[in-house]
Structures are given as structure tokens and as C-alpha cells.
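Enquirer: return a 3D structure for these sequence lines:
(one chain, ligands or ions: 1)
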Amino acid sequence: MSGVPPHILRRRIVALLVLAAALALVVVVVTQVKGGDDAPAGANASATRTTAAARRAAARRAAPVDPTARRDMGRPGPARPVPILMYHVTTDPPANAPFPDLYVRASEFQEQMDALHAAGYVGVTLQEVWDFWHRGGPLPARAVVISVDDGYHSNFAYAAPVLRRLGWPGTLNLKVGNLHEPTYGLTPGQVRALIAAGWEVDSHTIDHPDLTTVDAAQLEREVAQSRRRLQRAFGVPVNFFCYPAGRYDDAVVAAVERAGYLAATTVNPGLASPDEGDRFVLDRVRVNAGVSGATLVSQLAGLGA
Ligand SMILES: [Zn+2]
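Expert: Model prediction:
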């Protein structure tokens, strides 16, 4: 440094101090991002099976998330089709699971939701879609309904925290009988917590039979009584119905309409259509295990959503 004039030296020292401060800021930000990772314990357990490089790649893809962010609900407009995603269990499949496709790992679910968020999608409930279609309500330009069928404990443990982080509600198609399944079902308290977090609860019958095969008395019980039981237990409207295994016929649709539901969801693939004739046969987009967030986003784009 000998021979450098004092004012140049001062300028170099200031430049070094600025650089040091910037580096310190980077360290603080990185530490906070790591510490702020609120993935549930089960997600961490499954993450140990992925490589560190894969985790870093996923973190790069993940959108920055502001937990205090409010959903931009968009504006009213002409009715248009909306994707309703269909999930079941949101954790690792046990060994020899009879239907492993129904299990989406917690880490996969998080990656899918982050990819949707990064692509500009906003999670909404089926009621919000209905209100946009029929009551002049607002809806985000890229709305997506996250529906989960049956009512599994893993929905509360793993899916709900991911959605809460984005400020998105879920739509729970609840089989009433799962409230009394201590090993894998949701408890009434957990359903109340989901409702408090903005989730919608819809009926998925009491015992989950193929409704095209039951007699008139059981059809009425599964469709109408399930709605009344959920309304009484949780104090919510239960305006929508979801056919078990997607099975329905004219008699089933008539029972759903008689019970006062506004609409019903199927497992027919596609976007849910606002047409009156499709009211009780709304299509959905099944999300199976092993689907990346990027694949899901391009699938929705391919459907025009
Ligand atoms: Zn089901």
C-alpha cells in the first residue's frame, strides 16, 4: 500500500467494508431461509432418501414464500373451466401398499405446490370457483382447487402445512367413516383445525361404497345423511359432493341433487366446466406419485388452465 495517496486508501477501505457487510448479509439470509423451513417431520424423514444435490435443486426451483402473503383473488369475469387437482394420501406408501399410486410423498406435494405457486397459480376452494361461475365472485386468473379425498391423517400432518405456507386453502372430500379410523383417519379436531385454516369440507359419503350398486335407502343415507352429519358436526355448508371411486349413474346424480348439493366432482380427467349440464359431473386432474411440479404445471398448461 506504500505510495498510495491517503484519499485513495480511504476509498479502498470503504469499498472493503461494503463488501464485508454484503457478505455478512448473504450469510444471515441463507441462515434464515434454512431455519425458516417449516416442512413437517415426515417430510424431513423422506427427504433423507433424496440426495443433497436434488434437495439443492428443489430449493432453487422453489418460489420464495411470504407466510403473511394474502391471496390475490383476482376479479369477477366470464365463467371459464378451472383445474381441480385430486389427491389422496399425502405421505410415503407403506411396503406392499395395495394402491401405491394414491400416495404422494410430503416432499413431492411440497415441490408440486411450490411449482404451481412459481407458475402463478393460486389455490382456491370449490365454493370460490362456484361463486365466480354463478355469483359474480372474484377468481385468480390461474386458479387451482387442491382437493384431497377420503380424509387421511397425513393430509393434516403434511399437506395442510404446505398449503398454509402459501396461504392456500384445501378442499377436503371427507368420508365420514374415516373420522373413526384411529390408525390413518382424520380426527374431528383435526378437521376443525383445517376449517379454521380456510379449508372447505365436502361430502364423500359415510362408508365409501360404489353408489351405483347400493339400494335406495343406502343411497339416501350415504348422500343426504352424510351431508347433514358433516353440517352438524362442523357447522359448515357442505355444498359439494364427491363420488366414491368416481362411480355414478342417473339415480346417484338425482340423489345428489335432491340432497341440495350445488355440484359434484368425479374422477373423469379434465378441467371442471362451468356449463350447467356438467354441474354434477365436474372433471378433475388426478395427481399420482412421482409427478414433478414441472410436469404438473405443463399438464395444466396443456389443458388450457
Ligand atoms: Zn375416495
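Enquirer: shaky segments in the stretch 201-305 of the chain?
Expert: For the stretch 201-305 of the chain, not a single residue meets the criterion pLDDT under 70.
Enquirer: for the ion, what's the nearest residue on it?
Expert: Scanning the stretch 201-305 of the chain for proximity to the ion using Cβ to the ion identifies residue 244 as nearest, at 5.0 Å. In this view, the C-beta of every residue, glycine as well, is placed from N, C-alpha and C.
Enquirer: neighbours around that residue, how many?
Expert: Applying other Cβ atoms under 10 Å, we find 20 other residues in the vicinity of residue 244.
Enquirer: quick check: it touching residue 206?
Expert: No. Taking contact to mean Cβ atoms under 8 Å, the distance of 10.1 Å between residue 244 and residue 206 leaves them out of contact.
Enquirer: who touches both of these two?
Expert: Counting by Cβ atoms under 8 Å, 6 or more residues apart in numbering, the residues touching both residue 244 and residue 206 are residue 175.
Enquirer: find the residue closest to the residue of the stretch 201-305 of the chain closest to the ion in space, skipping its chain neighbours.
Expert: In this structure, residue 244 finds its nearest non-sequential neighbour in residue 208, 4.4 Å apart by Cβ to Cβ, 6 or more residues apart in numbering.
Enquirer: ok, the one you found - contacts?
Expert: By Cβ under 8 Å, 6+ apart, the residues touching residue 208 are 150, 175, 177, 244-245.
Enquirer: drop anything exposed from those residues.
Expert: Neighbour-count burial within the contacts of residue 208 applies to 150, 175, 177, 244; the criterion is 16 or more other Cβ atoms under 10 Å.
Enquirer: can those go into TSV with extra columns for secondary structure?
Expert: Supplementary listing: the buried ones among the contacts of residue 208 in TSV, determined by DSSP: H, G, I helix; E, B strand; the rest coil:
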residue	secondary structure
150	strand
175	coil
177	helix
244	helix
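Enquirer: show me what residue 203 is bridged to.
Expert: Each beta-bridge partner of residue 203 is listed here: residue 174, residue 241, as defined by DSSP bridges.
Enquirer: go ahead and confirm it touches residue 230.
Expert: Yes. Shown here, residue 203 and residue 230 form a contact pair, counting by Cβ under 8 Å, at 5.8 Å.
Enquirer: who's more crowded, those two?
Expert: Between residue 203 and residue 230, counted using other Cβ under 10 Å, residue 203 has the larger neighbour count: 28 against 23.
Enquirer: wait, what's in contact with that one?
Expert: Under the criterion of Cβ under 8 Å, 6+ apart, the contact list for residue 203 reads 173-174, 176, 223, 226-227, 230, 238, 240-242, 261.
Enquirer: between the residues you listed, which sits nearest residue 297?
Expert: Of all the contacts of residue 203, residue 297 sits closest to residue 173, with 23.4 Å by Cβ to Cβ.
Enquirer: give me the phi and psi angles of residue 265.
Expert: Backbone torsions for residue 265, taken as degrees, to the nearest 10, come to phi -110, psi 150.
Enquirer: list the contacts of it.
Expert: With contacts defined as Cβ under 8 Å, 6+ apart, residue 265 is in contact with 84, 86, 126, 147, 173, 202, 240-243, 272, 282, 284.
Enquirer: same thing but at 7 Å, please
Expert: The neighbourhood of residue 265, defined by Cβ atoms under 7 Å, 6 or more residues apart in numbering, consists of 84, 147, 240, 242, 282, 284.
Enquirer: ok, what's across the strand from the fifth one?
Expert: Using DSSP bridges, the beta-bridge partners of residue 282 come out as residue 265.
Enquirer: isn't it right up against residue 268?
Expert: No. With contacts defined as Cβ atoms under 7 Å, residue 282 does not count as touching residue 268, sitting 8.3 Å away.
Enquirer: in terms of neighbours, single out the busier of these two.
Expert: Each of residue 282 and residue 268 had its neighbours counted (other Cβ under 10 Å), and the higher figure belongs to residue 282 (26 against 15).
Enquirer: what residues does the protein have near the ion?
Expert: With Cβ under 5 Å from the ion as the criterion, the chain meets the ion at residues 149-150.
Enquirer: what are the ranges of the helices in the chain?
Expert: For the chain, helices defined by DSSP state H occupy the ranges 6-35, 41-47, 52-61, 106-118, 126-134, 153-154, 160-166, 188-196, 216-220, 226-234, 250-258, 293-302.
Enquirer: those: lowest mean pLDDT?
Expert: If you rank those by mean pLDDT, helix 41-47 sits at the bottom with a mean of 33.
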